[in-house]
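Enquirer: Need coordinates for the below:
(one chain, ligands or ions: 1)
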Amino acid sequence: VIEAIALDGPAASGKTTVARRVAQTLGFAVIDTGAMYRAVALAALERALALDDGGALTALAESEGPRYRFLPDGEGEQGYRLRVGDRDVTDLLYTERVSVAVPRVAAVSGVRAVLAREQRRIGLEGRVVMTGRDIGTVVLPEAALKVFMTASAEERARRRVAQLDDGAEQFPAVLANIRERDRMDSERADSPLVAAADAVALDTTALSLEQVVARVLELFSRRVASTP
Ligand code: C5P
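Expert: Next up, the predicted model:
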């Protein structure tokens, strides 16, 4: 058992925000594996690679993956910065272009193998809150606590646009992207979005951020207390 929390769930389910708060309380690092898939998608777009060219995408992930570094950032919204070598890409990862490309990149098995290997290496060091789609099932099944967070697609889109300056206008596009990513992430053959058998399901539709954070902390302290 690793002293770690695996926080999985669909797009915009609030995993990153919850992870940041929980990690602050416990003094753990946040590893947002979605940011790594986004960084590969960004690099693919910058190089104008075809998003159905699995070989090229895998080669790209092989060269970039080992260069990803998460740095803590207490000030920022995400709670971390992601660097590729010396380049900070954090602010480039949440554009619509990247959000549309990322599930296609994440469906490539070679890309998943490379990133999952990097993620597992980091996770095994412990004292991390790791967010994603397959952390409890594939990347770090030994995590002391696994949580599968859900919320209705509409509620997730509402929360996401509330973070944007021109949010109201973007609601239809954001909702459509969330639905499309849910579909692609759930239907892909390799490591689909699914709760681990021993994950605690947490529907946050009617819960506040504070309530979710408190619940995760409570579950974690109980798990740790009951682990030999
Ligand atoms: O978490 P976030 O929404 O930023 O993730 C972006 C995309 O990366 C997801 O829609 C999914 O396609 C992919 N992803 C994944 N496995 C993970 C984390 C993210 O396939 N562990």
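Enquirer: need the residues of this protein near the ligand, please.
Expert: Residues of the chain lying close to the ligand (C-beta under 6 Å from any ligand atom) are 11, 33-34, 37-38, 102-103, 106, 132-134, 181, 185. From N, CA and C alone the C-beta is placed, and that goes for glycine too.
Enquirer: Of the residues you listed, which count as buried by neighbour count?
Expert: 11, 33-34, 37-38, 102-103, 106, 132-134, 181, 185 (16 or more other C-beta atoms under 10 Å).
Enquirer: quick one on the thing from earlier: the residues of the chain next to the ligand: which two are farthest apart?
Expert: Greatest spacing in those, by C-beta to C-beta: 38 and 134 (15.4 Å).
Enquirer: Grab the longest helix from the chain for me.
Expert: Counting residues, the longest helix in the chain under DSSP state H turns out to be helix 167-187.
Enquirer: what's it packed up against?
Expert: helix 96-106, helix 153-162 (3 or more C-beta pairs under 8 Å, 6 or more residues apart in numbering; DSSP states H and E).
Enquirer: And the pLDDT for residue 189?
Expert: According to the prediction, residue 189 has pLDDT 95.
Enquirer: tell me the contacts of it?
Expert: 107, 109 (C-beta atoms under 8 Å, 6 or more residues apart in numbering).
Enquirer: The protein: helices as residue ranges?
Expert: Using DSSP H, helices in the chain cover 15-26, 33-46, 54-64, 96-106, 109-123, 153-162, 167-187, 209-226.
Enquirer: And the ones you listed: which comes nearest residue 141?
Expert: Among the helices of the chain, helix 109-123 sits nearest to residue 141 (C-beta to C-beta), with 9.8 Å.
Enquirer: count of residues packed around residue 47?
Expert: Residue 47: 9 surrounding residues under other C-beta atoms under 10 Å.
Enquirer: residue contacts, the residue nearest to it when sequence neighbours are not counted?
Expert: With C-beta to C-beta, 6 or more residues apart in numbering as the criterion, residue 47 has its nearest non-adjacent residue at 7.2 Å, and that residue is residue 60. Residue 60 sits next to 40, 43-44, 47, 49, 111 when contact means C-beta under 8 Å, 6+ apart.
Enquirer: got it, and residue 4?
Expert: 28, 123, 126-130, 140, 142-145.
Enquirer: Which one of those is nearest to residue 158?
Expert: Scanning the contacts of residue 4 for proximity to residue 158, where the rule is C-beta to C-beta, the winner is residue 129, at 24.1 Å.
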